[in-house]
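Trainee: sequence first, then the predicted structure:
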Amino acid sequence: MISDPLKYRRRFYRNSISSGNLVSYEVKVKESDLLICSERDLSETARNAVIRYRRNIEEYIRLNPKFLTSFSPIPADPLAPSIVKDMIRETSRAGVGPMAAVAGAIAQYVGDELLKESDNVIVENGGDIYLRSYSELRIGVFAGGSPLSGRVRLLIRGREKPYGICTSSATVGHSVSLGCADAVCVVSGSAILSDAVATAVGNLVKSESVIMRALDFGLGIEGVAGVLIIAGERLGVRGDIELG
């Protein structure tokens with residue numbers, strides 16, 4: 001019996017990301033638990049970045065508690081730190097609260113710091129991934145109790161621009177979802193946008209019958225390249241997503 005499904009999900013993701021010849025290491029700061037792959041060990045740079053960006057978010061929450069609690073978009077704030085501005089903007093596009101993108105935001109901002117020192121970087125934070133790889137990668141999708149869990153892999157082509165690959169689930173982990181999908185995976189050029197849209201799409205999947213409509217919704221948001229949904233025995237894929 002798995003006593004902690006979130007811990008199992010994290011182990012699954014970390015065993016299912018092909019990192020090639022990159023160095024892998026973990027960085028943990030409070031609730032943030034990151035797996036990072038880069039061309040050399042940049043754990044000190046990564047830890048300092050996590051601390052800095054977490055502090056930005058925590059201090060903003062202290063002054064603006066609604067940022068933490070709102071399940072719907074909040075107004076833009078020109079005085080907010082950059083990471084907070086990005087979270088507000090991208091979650092507003094998806095129609096969800098700003099904290100729906102917190103894991104993707106930390107992954108992306110830390111990843112961008114590491115890209116200054118390593119051409120190839122993978123940052124995974126609670127199943128949300130921000131990466132730039134010049135080599136082909138494969139990433140497994142964990143979908144809880146679905147019979148498709150672990151049998152679906154995303155094929156990520158090498159390219160210069162970063163990817164954001166984020167997954168939301170109603171059946172695994174502590175994140176709030178109003179739907180019933182075992183996994184909603186969204187691919188875009190931003191982990192913040194992917195995280196927000198994965199949550200929004202997951203909220204729509206209240207039965208297997210609405211998978212196609214939910215796929216259309218997600219792909220209709222500008223910047224989203226592809227959406228994958230697993231609900232029970234059903235799999236739906238739309239857009240620029242390759243399985244392999």
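Mentor: Thanks, I have it.

Trainee: the closest residue to residue 214 other than its chain neighbours - how many residues pack around it?
Mentor: In this structure, residue 214 finds its nearest non-sequential neighbour in residue 204, 4.2 Å apart by C-beta to C-beta, 6 or more residues apart in numbering. To be clear about C-beta, it is placed using only N, CA and C from the backbone, and glycine gets the same treatment. By other C-beta atoms under 10 Å, the residues close to residue 204 number 19.

Trainee: distance check, residue 204 against residue 218.
Mentor: Residue 204 is 8 Å from residue 218, where distance means C-beta to C-beta, to the nearest Å.

Trainee: over to residue 155?
Mentor: 19 Å.

Trainee: residue 169 too?
Mentor: From residue 169 to residue 218 the distance is 15 Å (C-beta to C-beta).

Trainee: equivalent analysis for residue 25, please.
Mentor: Distance of residue 25 to residue 218, given as C-beta to C-beta: 32 Å.

Trainee: also residue 70?
Mentor: Taken as C-beta to C-beta, the span from residue 70 to residue 218 is 21 Å.

Trainee: higher neighbour count, the two?
Mentor: Higher neighbour count among residue 70 and residue 218: residue 218, with 27 against 16, using other C-beta under 10 Å.

Trainee: can I assume the more buried one sits in a helix?
Mentor: Yes. Counting by DSSP: H, G, I helix; E, B strand; the rest coil, residue 218 is part of a helix.

Trainee: residues in contact with stretch 36-45?
Mentor: With C-beta atoms under 8 Å, 6 or more residues apart in numbering as the test, stretch 36-45 has contacts from 17, 19, 22-27, 46, 110, 113-114, 117-124.
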